[in-house]
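In: give me a 3D structure for the following:
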Amino acid sequence: MGLLGKAIAINNANFAGTSDLVGGLADDLQALVVDFHRKNSLFHGIVFSGVSPDINGMLDGHGAVCSDLPGGNCLALLPGGLDRELFAHLLSHSSGLPVLSQFSAHSVSPAFEALGIGMIG
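Out: Residues are numbered from 1 along each chain as shown. Model prediction:
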């Protein structure tokens, strides 16, 4: 089970009756990854433990995006031209959020697999 799947399972256990909301968040995340991949054939993802509004500000001007994940974590998507390890270190250090996982992908399938979400459609 991927990271997002675990977060959804925890949310489902803690908040009975919110499966439509969680499913909607997964759909939004899928759409975000698909849209980001359209703009960036190679891209990186970094999942942080926790949410920090500071991360969005740190990513401004780099062509990256950040989105909250179910379970209180966040995902940063970076264009492939950026150094994933360097950004993970800098963002983690600056925000105080530990890095849970990282991935690089040339298509949405490996990103979905790393995040533990199903394919659209």
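
In: how many neighbours does Phe43 have?
Out: Neighbours of Phe43 under the rule other CB atoms under 10 Å: 26. All C-beta atoms are positioned from the backbone trio N, CA, C, and that covers glycine.

In: which residues touch it?
Out: Applying CB atoms under 8 Å, 6 or more residues apart in numbering to Phe43 gives the contacts 36-37, 77-80, 104-105, 111.

In: most neighbours among those residues, please name it.
Out: Busiest of these [other CB under 10 Å] is Leu78, holding 26 neighbours.

In: what does the model give that residue for pLDDT?
Out: With respect to pLDDT, Leu78 has a value of 98.

In: could you list every residue that touches Leu75?
Out: Neighbour list for Leu75: 29, 45-48, 66-69, 115 [criterion: CB under 8 Å, 6+ apart].

In: which among those residues gets closest to Pro98?
Out: Looking at the contacts of Leu75 and their distance to Pro98, the nearest is Phe48, at 7.0 Å (CB to CB).

In: using the three-state scheme, assign the nearest residue to the closest one once chain neighbours are set aside.
Out: Nearest-residue entry for Phe48: Leu97, 4.1 Å, with adjacent residues in sequence omitted and distances by CB to CB, 6 or more residues apart in numbering. Classification of Leu97 by DSSP: H, G, I helix; E, B strand; the rest coil places it in coil.

In: list the contacts of Leu97.
Out: By CB under 8 Å, 6+ apart, the contact set of Leu97 is 48-52, 55, 74, 91.

In: 7 Å instead, please
Out: For Leu97, the contact set (CB atoms under 7 Å, 6 or more residues apart in numbering) comprises 48-50, 52.

In: in this protein, which residue is closest to the centre?
Out: Centroid check for the chain by CA atoms, centre = their mean gives Leu75 as the closest residue, at 2.6 Å.

In: who does that one form a beta bridge with?
Out: Beta bridges link Leu75 to Val47, Ser67 when assigned by DSSP bridges.

In: distance of Ala88 from Gln30?
Out: According to CB to CB, to the nearest Å, Ala88 stands 23 Å off from Gln30.

In: ok, which stretches of this protein are strands?
Out: Counting by DSSP state E, the chain has strands at residues 43-48, 65-69, 73-79, 99-105.
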